[in-house]
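K.L.:
Here is my input, please return the structure:
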Amino acid sequence: MKKRSVATLIATLVAGSLLTGTPYPRAEAAGADDAGGPPPKLGVDLDTVTIPELQARMADGSLTSSALTAAYLWRIKTVDPRIHAVLRTDPTASRQAAASDARHRHGGARGPLDGIPVLLKDNVNTRDMPTTAGSLALAGSPPDTDAALVTRLRDAGAVILGKTNLSEWANFRATKPTSGWSAVGGQTSNPYVLDRNPCGSSSGSAAALAASLAQVAIGTETDGSIVCPAGMNGIVGHKPSLGLVSRAGVVPISAEQDTAGPMARNVTDAALTLSVLSGGASDGTTRPVGLRGRRIGLWRLPSLGPEVDAVMSRTARKLRAAGAEVVEVTLPYQERLAELEFPALLSEFHRDIDAYLATRHGPRNLAELIGFNRAHPAERTCFAGQELFEQALAAPAVTDPKYRAMRAESKDLSRRSIDETMAAHHLDAIASPTNPPAWTTDCARGDNDVIPSSTPAAVAGYPSLSVPAGSVGELPVGLLLMAGDHQDGRLLSLGAAVEHRLNAWRAPRYLPSVGPDAIR
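P.N.:
Residues are numbered from 1 along each chain as shown. Prediction:
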(Lines give C-alpha, C1' and ligand atoms only; values in the text may rest on other atoms or scores of the structure.)
Protein backbone atom coordinates (compact mmCIF):
# COMPACT_ATOMS: atom_id res chain seq x y z
CA MET A 1 0.00 0.00 0.00
CA LYS A 2 1.42 3.40 -1.01
CA LYS A 3 0.45 6.93 -0.01
CA ARG A 4 1.48 8.20 -3.43
CA SER A 5 -1.42 6.42 -5.14
CA VAL A 6 -4.04 8.16 -3.02
CA ALA A 7 -2.31 11.49 -3.64
CA THR A 8 -2.50 10.85 -7.38
CA LEU A 9 -6.17 9.91 -7.14
CA ILE A 10 -6.98 12.98 -5.09
CA ALA A 11 -5.13 15.29 -7.46
CA THR A 12 -7.16 13.87 -10.35
CA LEU A 13 -10.47 14.21 -8.55
CA VAL A 14 -9.71 17.68 -7.20
CA ALA A 15 -8.69 18.94 -10.63
CA GLY A 16 -11.92 17.60 -12.08
CA SER A 17 -13.95 19.21 -9.34
CA LEU A 18 -12.34 22.62 -9.74
CA LEU A 19 -12.32 22.63 -13.54
CA THR A 20 -15.78 21.27 -14.24
CA GLY A 21 -17.61 22.34 -11.11
CA THR A 22 -20.73 20.57 -9.96
CA PRO A 23 -23.51 19.92 -12.49
CA TYR A 24 -26.24 21.30 -10.22
CA PRO A 25 -27.82 24.76 -9.87
CA ARG A 26 -25.94 26.92 -7.38
CA ALA A 27 -27.62 28.71 -4.49
CA GLU A 28 -26.40 30.88 -1.67
CA ALA A 29 -25.78 29.23 1.69
CA ALA A 30 -26.22 30.90 5.04
CA GLY A 31 -24.08 30.98 8.18
CA ALA A 32 -25.38 32.00 11.59
CA ASP A 33 -24.04 35.28 12.89
CA ASP A 34 -22.63 35.68 16.40
CA ALA A 35 -25.90 37.09 17.71
CA GLY A 36 -27.87 34.07 16.54
CA GLY A 37 -30.03 36.20 14.23
CA PRO A 38 -30.76 35.78 10.52
CA PRO A 39 -27.66 34.24 8.95
CA PRO A 40 -25.54 36.14 6.42
CA LYS A 41 -24.90 34.83 2.92
CA LEU A 42 -21.77 32.78 2.29
CA GLY A 43 -21.97 32.60 -1.51
CA VAL A 44 -21.87 28.79 -1.73
CA ASP A 45 -24.55 26.13 -2.08
CA LEU A 46 -24.04 23.72 0.79
CA ASP A 47 -25.96 21.04 -1.11
CA THR A 48 -23.43 20.88 -3.93
CA VAL A 49 -20.16 22.55 -2.91
CA THR A 50 -17.13 20.24 -2.76
CA ILE A 51 -14.20 20.28 -0.36
CA PRO A 52 -11.74 21.50 -3.06
CA GLU A 53 -14.06 24.44 -3.78
CA LEU A 54 -14.31 25.26 -0.08
CA GLN A 55 -10.54 25.06 0.34
CA ALA A 56 -10.01 27.33 -2.64
CA ARG A 57 -12.33 29.89 -1.02
CA MET A 58 -10.59 29.58 2.35
CA ALA A 59 -7.20 29.95 0.67
CA ASP A 60 -8.15 33.23 -1.04
CA GLY A 61 -9.80 34.58 2.10
CA SER A 62 -13.35 34.76 0.72
CA LEU A 63 -14.59 32.10 3.17
CA THR A 64 -13.63 31.09 6.69
CA SER A 65 -14.08 27.81 8.51
CA SER A 66 -15.81 29.79 11.25
CA ALA A 67 -18.49 30.98 8.83
CA LEU A 68 -18.84 27.53 7.28
CA THR A 69 -19.13 25.86 10.67
CA ALA A 70 -21.70 28.43 11.78
CA ALA A 71 -23.71 27.75 8.64
CA TYR A 72 -23.87 24.04 9.38
CA LEU A 73 -24.70 24.63 13.04
CA TRP A 74 -27.53 26.89 11.88
CA ARG A 75 -28.85 24.18 9.58
CA ILE A 76 -28.69 21.62 12.36
CA LYS A 77 -30.71 23.99 14.56
CA THR A 78 -33.31 24.77 11.92
CA VAL A 79 -33.50 21.64 9.71
CA ASP A 80 -32.63 18.72 11.98
CA PRO A 81 -35.85 18.89 14.03
CA ARG A 82 -37.55 17.45 10.93
CA ILE A 83 -35.31 14.38 10.70
CA HIS A 84 -33.59 13.85 14.10
CA ALA A 85 -30.25 12.89 12.61
CA VAL A 86 -27.89 14.75 14.96
CA LEU A 87 -27.71 13.66 18.60
CA ARG A 88 -25.48 16.46 19.83
CA THR A 89 -23.14 19.15 18.57
CA ASP A 90 -19.63 19.65 19.86
CA PRO A 91 -19.49 22.78 22.05
CA THR A 92 -15.90 23.33 20.88
CA ALA A 93 -16.75 23.35 17.16
CA SER A 94 -16.49 27.13 16.83
CA ARG A 95 -13.12 27.14 18.57
CA GLN A 96 -11.87 24.36 16.30
CA ALA A 97 -12.95 26.43 13.28
CA ALA A 98 -11.22 29.55 14.60
CA ALA A 99 -7.98 27.60 15.01
CA SER A 100 -8.28 26.43 11.40
CA ASP A 101 -8.81 30.01 10.24
CA ALA A 102 -5.59 31.02 11.98
CA ARG A 103 -3.71 28.24 10.20
CA HIS A 104 -5.13 29.30 6.84
CA ARG A 105 -4.17 32.93 7.45
CA HIS A 106 -0.59 31.97 8.21
CA GLY A 107 -0.18 29.47 5.38
CA GLY A 108 -0.19 26.49 7.71
CA ALA A 109 -3.28 24.58 6.60
CA ARG A 110 -2.85 20.88 7.34
CA GLY A 111 -4.47 19.48 4.22
CA PRO A 112 -7.80 19.10 2.43
CA LEU A 113 -9.90 18.54 5.58
CA ASP A 114 -8.53 21.51 7.54
CA GLY A 115 -11.55 23.56 8.62
CA ILE A 116 -14.09 21.12 7.12
CA PRO A 117 -17.04 20.24 9.43
CA VAL A 118 -17.44 16.48 10.01
CA LEU A 119 -20.15 14.55 11.84
CA LEU A 120 -19.35 11.23 13.55
CA LYS A 121 -21.63 8.24 13.99
CA ASP A 122 -22.24 7.78 17.71
CA ASN A 123 -20.43 4.47 17.92
CA VAL A 124 -17.08 6.20 17.28
CA ASN A 125 -15.30 7.10 20.52
CA THR A 126 -14.81 10.77 21.37
CA ARG A 127 -13.11 11.72 24.62
CA ASP A 128 -15.06 14.97 24.99
CA MET A 129 -18.57 13.85 23.97
CA PRO A 130 -20.68 10.81 24.91
CA THR A 131 -20.36 7.74 22.69
CA THR A 132 -23.45 5.61 23.22
CA ALA A 133 -24.04 3.30 20.23
CA GLY A 134 -27.59 4.59 20.75
CA SER A 135 -27.92 2.77 24.08
CA LEU A 136 -28.72 4.25 27.48
CA ALA A 137 -26.23 1.75 28.89
CA LEU A 138 -23.35 3.90 27.56
CA ALA A 139 -24.97 7.31 28.06
CA GLY A 140 -22.89 8.23 31.10
CA SER A 141 -19.23 9.19 30.99
CA PRO A 142 -17.50 9.61 27.62
CA PRO A 143 -14.73 7.20 26.66
CA ASP A 144 -11.28 7.93 28.03
CA THR A 145 -9.72 8.38 24.57
CA ASP A 146 -10.65 9.20 21.01
CA ALA A 147 -10.99 6.51 18.38
CA ALA A 148 -7.89 6.31 16.20
CA LEU A 149 -9.82 7.72 13.23
CA VAL A 150 -10.91 10.72 15.31
CA THR A 151 -7.27 11.40 16.16
CA ARG A 152 -6.50 11.39 12.43
CA LEU A 153 -9.34 13.82 11.74
CA ARG A 154 -8.24 16.18 14.52
CA ASP A 155 -4.61 16.03 13.34
CA ALA A 156 -5.82 16.91 9.82
CA GLY A 157 -7.59 20.02 11.16
CA ALA A 158 -11.15 18.79 10.58
CA VAL A 159 -13.85 20.42 12.69
CA ILE A 160 -15.64 17.73 14.71
CA LEU A 161 -19.16 19.10 14.48
CA GLY A 162 -21.02 16.52 16.56
CA LYS A 163 -22.45 12.99 16.73
CA THR A 164 -25.19 11.38 14.67
CA ASN A 165 -27.96 8.99 15.62
CA LEU A 166 -27.74 5.36 14.50
CA SER A 167 -29.63 2.13 14.64
CA GLU A 168 -28.99 1.09 18.24
CA TRP A 169 -25.98 -1.22 18.61
CA ALA A 170 -25.55 -0.92 14.83
CA ASN A 171 -28.71 -2.99 14.27
CA PHE A 172 -27.27 -6.00 16.09
CA ARG A 173 -29.70 -6.31 18.99
CA ALA A 174 -33.08 -7.63 17.79
CA THR A 175 -34.24 -9.92 15.00
CA LYS A 176 -36.84 -7.34 13.85
CA PRO A 177 -35.30 -3.94 14.56
CA THR A 178 -36.36 -0.60 13.14
CA SER A 179 -33.43 1.07 11.41
CA GLY A 180 -32.65 4.60 12.52
CA TRP A 181 -34.10 4.11 16.01
CA SER A 182 -32.14 4.24 19.23
CA ALA A 183 -33.17 4.71 22.84
CA VAL A 184 -30.82 7.72 23.03
CA GLY A 185 -31.86 9.48 19.83
CA GLY A 186 -35.33 8.24 18.93
CA GLN A 187 -36.19 7.73 15.26
CA THR A 188 -34.25 9.31 12.39
CA SER A 189 -36.38 10.03 9.31
CA ASN A 190 -35.53 9.89 5.63
CA PRO A 191 -35.28 13.53 4.42
CA TYR A 192 -36.87 12.67 1.08
CA VAL A 193 -40.08 11.33 2.60
CA LEU A 194 -40.29 11.70 6.35
CA ASP A 195 -42.35 8.60 7.13
CA ARG A 196 -39.88 6.45 5.19
CA ASN A 197 -36.88 4.72 6.71
CA PRO A 198 -33.26 5.93 6.34
CA CYS A 199 -31.87 2.35 6.46
CA GLY A 200 -29.25 1.35 9.00
CA SER A 201 -27.12 1.46 10.85
CA SER A 202 -25.37 4.69 9.78
CA SER A 203 -28.82 6.24 9.53
CA GLY A 204 -28.11 9.60 11.11
CA SER A 205 -24.87 10.13 9.18
CA ALA A 206 -26.63 9.55 5.85
CA ALA A 207 -29.76 11.57 6.66
CA ALA A 208 -27.64 14.45 7.98
CA LEU A 209 -25.68 14.62 4.74
CA ALA A 210 -28.82 14.43 2.61
CA ALA A 211 -30.10 17.42 4.61
CA SER A 212 -26.73 19.23 4.27
CA LEU A 213 -26.02 19.37 8.00
CA ALA A 214 -22.26 18.79 7.54
CA GLN A 215 -19.80 18.55 4.66
CA VAL A 216 -18.93 14.91 5.34
CA ALA A 217 -19.75 12.27 7.93
CA ILE A 218 -18.29 9.04 9.23
CA GLY A 219 -20.28 5.82 9.14
CA THR A 220 -19.46 2.24 10.03
CA GLU A 221 -20.34 -1.03 8.35
CA THR A 222 -20.35 -4.73 9.10
CA ASP A 223 -22.65 -5.58 6.19
CA GLY A 224 -24.57 -2.79 4.47
CA SER A 225 -24.53 -0.17 7.22
CA ILE A 226 -22.69 2.48 5.19
CA VAL A 227 -23.87 1.70 1.70
CA CYS A 228 -27.59 1.05 2.34
CA PRO A 229 -28.14 4.37 4.19
CA ALA A 230 -26.11 6.10 1.48
CA GLY A 231 -28.29 4.66 -1.27
CA MET A 232 -31.56 5.24 0.53
CA ASN A 233 -30.69 8.87 1.36
CA GLY A 234 -29.28 9.75 -2.05
CA ILE A 235 -25.64 10.30 -1.05
CA VAL A 236 -22.22 8.65 -1.54
CA GLY A 237 -20.95 6.03 0.91
CA HIS A 238 -17.64 4.18 0.76
CA LYS A 239 -16.99 0.97 2.70
CA PRO A 240 -13.20 0.68 2.64
CA SER A 241 -11.19 -2.51 2.39
CA LEU A 242 -10.95 -4.23 5.75
CA GLY A 243 -8.06 -2.84 7.76
CA LEU A 244 -7.57 0.29 5.68
CA VAL A 245 -9.17 2.39 8.45
CA SER A 246 -8.37 1.58 12.07
CA ARG A 247 -11.16 -0.05 14.11
CA ALA A 248 -9.62 1.06 17.41
CA GLY A 249 -12.18 2.89 19.53
CA VAL A 250 -15.22 1.95 17.43
CA VAL A 251 -18.05 0.00 19.09
CA PRO A 252 -17.74 -3.42 17.43
CA ILE A 253 -19.81 -6.18 15.95
CA SER A 254 -17.02 -8.21 14.36
CA ALA A 255 -13.32 -7.54 13.83
CA GLU A 256 -13.57 -9.82 10.78
CA GLN A 257 -15.92 -7.43 8.95
CA ASP A 258 -16.17 -4.06 10.74
CA THR A 259 -14.85 -0.88 9.18
CA ALA A 260 -15.50 2.81 9.41
CA GLY A 261 -15.72 4.81 6.21
CA PRO A 262 -16.55 8.17 4.65
CA MET A 263 -20.02 9.36 3.67
CA ALA A 264 -20.40 12.49 1.53
CA ARG A 265 -22.53 14.18 -1.11
CA ASN A 266 -19.95 13.51 -3.84
CA VAL A 267 -17.16 11.03 -4.53
CA THR A 268 -14.42 13.67 -4.40
CA ASP A 269 -15.24 14.50 -0.78
CA ALA A 270 -15.42 10.80 0.11
CA ALA A 271 -11.97 10.20 -1.41
CA LEU A 272 -10.45 13.15 0.42
CA THR A 273 -11.91 11.96 3.70
CA LEU A 274 -10.66 8.41 3.13
CA SER A 275 -7.16 9.78 2.54
CA VAL A 276 -7.22 11.19 6.08
CA LEU A 277 -8.90 8.19 7.72
CA SER A 278 -6.44 5.75 6.14
CA GLY A 279 -3.29 7.83 6.38
CA GLY A 280 -3.03 7.80 2.59
CA ALA A 281 -2.83 4.01 2.20
CA SER A 282 -4.32 2.53 -0.98
CA ASP A 283 -3.90 -0.19 -3.57
CA GLY A 284 -0.92 1.33 -5.39
CA THR A 285 -2.75 2.01 -8.66
CA THR A 286 -5.01 4.77 -9.85
CA ARG A 287 -6.35 5.57 -13.27
CA PRO A 288 -7.66 8.73 -14.89
CA VAL A 289 -11.35 9.36 -14.46
CA GLY A 290 -13.25 8.07 -17.47
CA LEU A 291 -15.63 5.31 -18.55
CA ARG A 292 -14.57 4.56 -22.12
CA GLY A 293 -13.31 0.99 -22.33
CA ARG A 294 -14.17 0.15 -18.72
CA ARG A 295 -15.92 -3.18 -18.23
CA ILE A 296 -18.62 -3.27 -15.56
CA GLY A 297 -20.55 -6.37 -14.55
CA LEU A 298 -24.20 -5.65 -13.75
CA TRP A 299 -25.70 -7.88 -11.03
CA ARG A 300 -29.37 -6.97 -11.36
CA LEU A 301 -30.99 -8.51 -8.26
CA PRO A 302 -34.60 -8.56 -9.53
CA SER A 303 -35.73 -9.48 -6.00
CA LEU A 304 -35.53 -5.77 -5.18
CA GLY A 305 -38.48 -5.14 -7.49
CA PRO A 306 -39.24 -4.05 -11.06
CA GLU A 307 -38.93 -0.32 -10.28
CA VAL A 308 -35.36 -0.78 -9.03
CA ASP A 309 -34.56 -3.01 -12.01
CA ALA A 310 -35.79 -0.24 -14.32
CA VAL A 311 -33.32 2.14 -12.63
CA MET A 312 -30.56 -0.38 -13.32
CA SER A 313 -31.59 -0.61 -16.98
CA ARG A 314 -31.42 3.18 -17.33
CA THR A 315 -28.06 3.17 -15.57
CA ALA A 316 -26.66 0.56 -17.95
CA ARG A 317 -27.79 2.59 -20.98
CA LYS A 318 -26.11 5.74 -19.64
CA LEU A 319 -22.85 3.94 -18.90
CA ARG A 320 -22.81 2.33 -22.33
CA ALA A 321 -23.45 5.72 -23.94
CA ALA A 322 -20.32 6.97 -22.13
CA GLY A 323 -18.24 4.20 -23.65
CA ALA A 324 -18.32 1.59 -20.88
CA GLU A 325 -18.95 -2.07 -21.62
CA VAL A 326 -21.72 -3.37 -19.35
CA VAL A 327 -22.19 -7.12 -19.14
CA GLU A 328 -24.73 -8.93 -17.00
CA VAL A 329 -23.36 -11.23 -14.30
CA THR A 330 -24.58 -13.37 -11.42
CA LEU A 331 -22.36 -13.78 -8.38
CA PRO A 332 -22.01 -17.41 -7.24
CA TYR A 333 -22.16 -18.89 -3.73
CA GLN A 334 -24.67 -16.38 -2.36
CA GLU A 335 -27.02 -18.90 -0.75
CA ARG A 336 -24.19 -20.56 1.14
CA LEU A 337 -22.81 -17.17 2.21
CA ALA A 338 -26.19 -16.29 3.68
CA GLU A 339 -26.08 -19.48 5.73
CA LEU A 340 -22.56 -18.86 7.05
CA GLU A 341 -22.31 -15.15 7.80
CA PHE A 342 -24.76 -14.68 10.66
CA PRO A 343 -23.67 -17.58 12.91
CA ALA A 344 -20.05 -16.43 12.61
CA LEU A 345 -21.01 -12.85 13.52
CA LEU A 346 -22.74 -14.05 16.71
CA SER A 347 -19.54 -15.62 18.03
CA GLU A 348 -17.44 -12.63 17.02
CA PHE A 349 -19.85 -10.14 18.56
CA HIS A 350 -19.70 -11.88 21.96
CA ARG A 351 -15.90 -11.73 21.92
CA ASP A 352 -15.61 -8.18 20.61
CA ILE A 353 -18.37 -6.46 22.58
CA ASP A 354 -17.06 -7.94 25.83
CA ALA A 355 -13.63 -6.50 25.04
CA TYR A 356 -15.10 -3.09 24.23
CA LEU A 357 -17.41 -2.89 27.26
CA ALA A 358 -14.45 -3.62 29.51
CA THR A 359 -13.07 -0.20 28.48
CA ARG A 360 -16.24 1.73 29.40
CA HIS A 361 -18.25 2.69 32.46
CA GLY A 362 -21.54 0.75 32.62
CA PRO A 363 -22.25 -2.90 31.79
CA ARG A 364 -18.94 -4.73 31.68
CA ASN A 365 -19.91 -7.57 29.35
CA LEU A 366 -22.71 -8.84 27.14
CA ALA A 367 -24.50 -10.65 29.98
CA GLU A 368 -24.67 -7.43 32.01
CA LEU A 369 -25.84 -5.53 28.93
CA ILE A 370 -28.73 -7.96 28.46
CA GLY A 371 -29.64 -7.42 32.11
CA PHE A 372 -29.53 -3.65 31.67
CA ASN A 373 -32.00 -3.78 28.79
CA ARG A 374 -34.38 -5.96 30.79
CA ALA A 375 -34.28 -3.46 33.67
CA HIS A 376 -34.79 -0.28 31.60
CA PRO A 377 -38.17 0.05 29.82
CA ALA A 378 -36.91 3.02 27.76
CA GLU A 379 -34.79 0.51 25.82
CA ARG A 380 -37.97 -1.19 24.64
CA THR A 381 -40.14 1.74 23.50
CA CYS A 382 -39.86 0.96 19.76
CA PHE A 383 -39.11 -2.76 19.74
CA ALA A 384 -38.61 -5.00 22.75
CA GLY A 385 -36.37 -7.70 21.40
CA GLN A 386 -32.71 -8.39 22.10
CA GLU A 387 -32.69 -11.81 20.52
CA LEU A 388 -29.32 -11.30 18.80
CA PHE A 389 -27.70 -10.43 22.13
CA GLU A 390 -29.14 -13.59 23.66
CA GLN A 391 -28.08 -15.75 20.70
CA ALA A 392 -24.57 -14.27 20.80
CA LEU A 393 -24.29 -15.02 24.51
CA ALA A 394 -25.01 -18.68 23.77
CA ALA A 395 -22.95 -18.86 20.55
CA PRO A 396 -19.82 -21.05 20.28
CA ALA A 397 -16.58 -19.37 21.28
CA VAL A 398 -14.28 -18.18 18.51
CA THR A 399 -11.91 -21.00 19.51
CA ASP A 400 -14.54 -23.57 18.54
CA PRO A 401 -13.53 -25.55 15.40
CA LYS A 402 -17.04 -25.26 13.95
CA TYR A 403 -16.91 -21.47 14.19
CA ARG A 404 -13.45 -21.39 12.63
CA ALA A 405 -14.62 -23.54 9.75
CA MET A 406 -17.64 -21.26 9.14
CA ARG A 407 -15.53 -18.11 9.07
CA ALA A 408 -12.90 -19.65 6.82
CA GLU A 409 -15.49 -20.92 4.36
CA SER A 410 -17.42 -17.63 4.30
CA LYS A 411 -14.26 -15.63 3.66
CA ASP A 412 -13.19 -17.98 0.89
CA LEU A 413 -16.57 -18.05 -0.87
CA SER A 414 -17.15 -14.31 -0.62
CA ARG A 415 -13.75 -13.53 -2.12
CA ARG A 416 -14.19 -16.14 -4.84
CA SER A 417 -17.64 -14.77 -5.69
CA ILE A 418 -16.07 -11.41 -6.58
CA ASP A 419 -12.64 -12.52 -7.83
CA GLU A 420 -13.97 -15.28 -10.11
CA THR A 421 -16.70 -13.07 -11.56
CA MET A 422 -14.27 -10.24 -12.28
CA ALA A 423 -11.72 -12.58 -13.83
CA ALA A 424 -14.22 -14.49 -15.95
CA HIS A 425 -15.61 -11.29 -17.50
CA HIS A 426 -12.41 -9.16 -17.37
CA LEU A 427 -14.19 -6.55 -15.23
CA ASP A 428 -13.05 -3.30 -13.67
CA ALA A 429 -15.91 -3.48 -11.16
CA ILE A 430 -19.19 -5.19 -10.36
CA ALA A 431 -22.31 -3.01 -10.06
CA SER A 432 -25.64 -3.77 -8.42
CA PRO A 433 -28.54 -1.88 -6.87
CA THR A 434 -27.65 -0.66 -3.39
CA ASN A 435 -31.17 -0.55 -1.99
CA PRO A 436 -34.89 -0.83 -2.64
CA PRO A 437 -37.09 2.25 -2.28
CA ALA A 438 -37.27 3.23 1.39
CA TRP A 439 -39.98 1.36 3.29
CA THR A 440 -42.29 3.05 5.77
CA THR A 441 -40.91 3.18 9.30
CA ASP A 442 -42.93 0.94 11.61
CA CYS A 443 -41.79 -0.11 15.08
CA ALA A 444 -44.32 -2.93 15.26
CA ARG A 445 -43.33 -4.48 11.92
CA GLY A 446 -39.61 -3.70 11.91
CA ASP A 447 -37.48 -3.37 8.80
CA ASN A 448 -38.18 -4.73 5.34
CA ASP A 449 -34.55 -4.95 4.32
CA VAL A 450 -33.55 -8.14 2.55
CA ILE A 451 -30.76 -6.50 0.52
CA PRO A 452 -28.14 -9.00 -0.68
CA SER A 453 -25.90 -6.67 -2.69
CA SER A 454 -23.65 -5.54 0.18
CA THR A 455 -22.82 -9.04 1.48
CA PRO A 456 -20.09 -10.27 -0.92
CA ALA A 457 -17.78 -7.28 -0.37
CA ALA A 458 -18.65 -7.04 3.32
CA VAL A 459 -17.77 -10.66 4.11
CA ALA A 460 -14.73 -10.62 1.81
CA GLY A 461 -13.36 -7.42 3.34
CA TYR A 462 -13.29 -5.86 -0.15
CA PRO A 463 -14.24 -2.23 -0.88
CA SER A 464 -17.66 -1.10 -2.04
CA LEU A 465 -19.00 2.31 -3.02
CA SER A 466 -22.58 3.53 -3.41
CA VAL A 467 -23.34 6.49 -5.68
CA PRO A 468 -26.77 7.92 -6.52
CA ALA A 469 -28.29 6.13 -9.51
CA GLY A 470 -31.81 7.50 -9.70
CA SER A 471 -35.13 7.38 -7.92
CA VAL A 472 -38.32 5.40 -7.71
CA GLY A 473 -40.75 8.28 -7.47
CA GLU A 474 -39.46 10.44 -4.62
CA LEU A 475 -37.20 7.75 -3.14
CA PRO A 476 -33.49 7.49 -4.06
CA VAL A 477 -31.81 4.31 -5.31
CA GLY A 478 -28.04 3.86 -5.26
CA LEU A 479 -25.66 1.97 -7.53
CA LEU A 480 -23.24 -0.23 -5.56
CA LEU A 481 -19.79 -0.71 -7.08
CA MET A 482 -17.48 -3.50 -5.85
CA ALA A 483 -13.88 -4.37 -6.67
CA GLY A 484 -11.05 -6.55 -5.39
CA ASP A 485 -9.06 -6.32 -2.19
CA HIS A 486 -7.52 -2.89 -1.49
CA GLN A 487 -8.61 -1.52 -4.86
CA ASP A 488 -10.17 1.47 -3.12
CA GLY A 489 -8.37 3.99 -5.31
CA ARG A 490 -9.49 2.32 -8.52
CA LEU A 491 -13.04 2.07 -7.23
CA LEU A 492 -13.21 5.74 -6.23
CA SER A 493 -11.84 6.83 -9.61
CA LEU A 494 -14.44 4.73 -11.40
CA GLY A 495 -17.13 5.89 -8.98
CA ALA A 496 -16.36 9.53 -9.73
CA ALA A 497 -16.82 8.87 -13.45
CA VAL A 498 -20.06 6.97 -12.86
CA GLU A 499 -21.36 9.71 -10.58
CA HIS A 500 -20.61 12.37 -13.20
CA ARG A 501 -22.30 10.40 -15.97
CA LEU A 502 -25.43 9.46 -14.02
CA ASN A 503 -25.85 12.95 -12.51
CA ALA A 504 -28.63 11.49 -10.37
CA TRP A 505 -28.42 13.57 -7.18
CA ARG A 506 -31.32 15.83 -6.26
CA ALA A 507 -32.14 17.66 -3.06
CA PRO A 508 -34.68 16.19 -0.62
CA ARG A 509 -38.10 17.84 -0.29
CA TYR A 510 -38.97 16.64 3.24
CA LEU A 511 -42.37 15.36 2.13
CA PRO A 512 -44.48 14.11 5.07
CA SER A 513 -45.60 11.03 3.15
CA VAL A 514 -46.29 9.67 -0.32
CA GLY A 515 -48.90 7.18 -1.42
CA PRO A 516 -47.96 3.83 -2.95
CA ASP A 517 -48.63 5.15 -6.47
CA ALA A 518 -46.08 7.93 -5.98
CA ILE A 519 -43.12 5.55 -5.93
CA ARG A 520 -43.85 3.90 -9.24
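
K.L.:
all contacts plus neighbour counts: C-alpha atoms, from now on.
P.N.:
OK.

K.L.:
Spit out the contact partners of the nearest residue to Glu341 once chain neighbours are set aside.
P.N.:
If the residues on either side of it in the chain are set aside, Glu341 comes closest to Ser410, at 6.5 Å by CA to CA, 6 or more residues apart in numbering. Counting by CA atoms under 8 Å, 6 or more residues apart in numbering, Ser410 makes contact with 337, 340-341, 459-460.

K.L.:
For the chain, which residues score under the pLDDT cut-off?
P.N.:
1-40, 281-289, 517-520 (pLDDT under 70).

K.L.:
quick one, strands of it?
P.N.:
According to DSSP state E, the chain carries its strands in the segments 86-89, 117-121, 159-164, 181-182, 186-187, 216-221, 236-239, 259-264, 295-298, 325-328, 429-433, 464-472, 475-482.

K.L.:
Kindly reformat these as a markdown table containing mean neighbour count.
P.N.:
Below are the strands of the chain laid out as a markdown table (neighbours: other CA atoms under 10 Å):
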| stretch | mean neighbour count |
| --- | --- |
| strand 86-89 | 20 |
| strand 117-121 | 28 |
| strand 159-164 | 28 |
| strand 181-182 | 30 |
| strand 186-187 | 22 |
| strand 216-221 | 30 |
| strand 236-239 | 33 |
| strand 259-264 | 30 |
| strand 295-298 | 24 |
| strand 325-328 | 17 |
| strand 429-433 | 25 |
| strand 464-472 | 28 |
| strand 475-482 | 30 |
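
K.L.:
As TSV, the ones you listed with distance to Arg415 would be great.
P.N.:
Output for these, formatted as TSV (distance: least, CA to CA, whole Å):
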stretch	distance to Arg415
strand 86-89	36
strand 117-121	28
strand 159-164	32
strand 181-182	32
strand 186-187	35
strand 216-221	18
strand 236-239	16
strand 259-264	17
strand 295-298	16
strand 325-328	19
strand 429-433	13
strand 464-472	13
strand 475-482	11
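
K.L.:
Out of these, flag the one nearest Gly134.
P.N.:
strand 181-182 (4.8 Å; CA to CA).

K.L.:
From the contact counts, what lies against the closest one?
P.N.:
Using 3 or more CA pairs under 8 Å, 6 or more residues apart in numbering; DSSP states H and E, no helix or strand is in contact with strand 181-182.

K.L.:
Number of residues surrounding the closest residue to Arg294 other than its chain neighbours?
P.N.:
In space, Arg294 comes closest to Ala324 once its chain neighbours are excluded; the distance is 4.9 Å by CA to CA, 6+ apart. Residues within reach of Ala324, counting by other CA atoms under 10 Å, total 19.

K.L.:
returning to that earlier point: and the strands of the chain: which comes nearest Thr440?
P.N.:
strand 475-482 (11.3 Å).

K.L.:
starting at the chain centroid, how far to the closest one?
P.N.:
12 Å (CA atoms, centre = their mean, to the nearest Å).

K.L.:
Likewise for stretch 331-348?
P.N.:
On CA atoms, centre = their mean, the centre of stretch 331-348 falls 22 Å from that of its chain.

K.L.:
Which residues are in contact with the residue positioned nearest the centre of the chain?
P.N.:
Nearest to the geometric centre of the chain sits Ile226, at 3.3 Å (CA atoms, centre = their mean). The neighbourhood of Ile226, defined by CA under 8 Å, 6+ apart, consists of 200-202, 219-220, 237-239, 261, 263.

K.L.:
one more time with 7 Å
P.N.:
For Ile226, the contact set (CA atoms under 7 Å, 6 or more residues apart in numbering) comprises 202, 219-220, 237-239.

K.L.:
got it, and Ile51?
P.N.:
Contacts of Ile51 by CA under 7 Å, 6+ apart are Asp269.

K.L.:
Tell me how many other residues crowd Glu335.
P.N.:
Glu335, neighbours per other CA under 10 Å, totals 9.

K.L.:
From here on, call the first residue 27.
P.N.:
Will do, 27 is the new start, and the previous item becomes Glu361.

K.L.:
out of the contacts of Ser436, who's nearest Arg114?
P.N.:
Val485 (32.3 Å).

K.L.:
Name the nearest residue to Val276, sequence neighbours excluded.
P.N.:
The nearest residue in space to Val276 (CA to CA, 6+ apart) is Val150, at 4.6 Å.

K.L.:
how much space between that neighbour and Asp378?
P.N.:
Going from Val150 to Asp378 by CA to CA, to the nearest Å gives 15 Å.

K.L.:
Please apply the same query to Ala522.
P.N.:
35 Å.

K.L.:
How about Arg390?
P.N.:
In terms of CA to CA, Arg390 sits 12 Å off from Asp378.

K.L.:
just to revisit the earlier point, didn't the residue nearest to Arg320 look like it was pressed against Leu324?
P.N.:
No. At 11.7 Å, Ala350 does not count as touching Leu324 under the criterion of CA atoms under 7 Å.

K.L.:
Export the contacts of Ser436 as CSV, with columns for distance to Asp511.
P.N.:
Converted to CSV, these look like this (distance: CA to CA, whole Å):
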residue, distance to Asp511
Leu363, 18
Leu366, 21
Glu367, 19
Val485, 12
Ala486, 8
